[in-house]
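Asker: Provided below are the primary sequence and the corresponding predicted coordinates.
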Amino acid sequence: LPPIVFEAALSIDKPAFRRHVIPILGYAIVGTVFSSALVAVIVHVEGTLPWVECFAFGTLISSIDPVATLAVLNAIGINETETLYILIFGEALLNDGVAVVGFETLIHFMDDNIEVNSAVIWNAVFDFFKVATGSIFVGIVSGVCCTL
């Protein structure tokens, strides 16, 4: 996954990405969390898996690959600088990161002995932001080191 995300980050139109960063973040974070939760509810209602495993599956399945969508956009003449293309490509780029961080957070709670209460939920939220912030920090440091 890191080489794919790295290549995508290099090839995206950066000024257009910055111009549309708010809707891209909304689609990537809110969309992925909503999709993960919806899949988790459906899997839990229709199956016998515990909630944590349903959310882990939902998080994994919510990370999409936009190759076919972007190919269709290119085929109909939408270029890489147009808003629709940037929104889809940018969301897919960040969506992968949100899914990885969400899955890594959920892995910690797959212990059969854990009892879900408000402290555990707050711990999960803290873990999510800790991993997300750490990942951003590592990315910035790596980027700075590569440019020197």
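Answerer: Sure, I can see it. Worth saying up front: this structure is predicted, and the values here are computed from it rather than measured. Residues are numbered from 1 along each chain as shown.

Asker: after the helix or strand where Leu25 lies, next one along is what?
Answerer: If you go by DSSP states H and E, Leu25 is part of helix 21-25. Helices and strands here follow DSSP H and E; after helix 21-25, the next one along the chain is helix 31-46.

Asker: And for Val144, the neighbour number?
Answerer: Neighbour count for Val144, taken as other CB atoms under 10 Å: 9. For every residue, glycine as well, the C-beta is placed using N, CA and C.

Asker: what ranges of the chain fall below the confidence cut-off?
Answerer: Low-confidence segments of the chain, defined by pLDDT under 70, span residues 1-5.

Asker: Ile24 and Trp51, how far apart?
Answerer: According to CB to CB, to the nearest Å, Ile24 stands 29 Å off from Trp51.

Asker: ditto for Gly77
Answerer: 45 Å.

Asker: of those two, who's got more company?
Answerer: Each of Gly77 and Trp51 had its neighbours counted (other CB under 10 Å), and the higher figure belongs to Trp51 (14 against 7).
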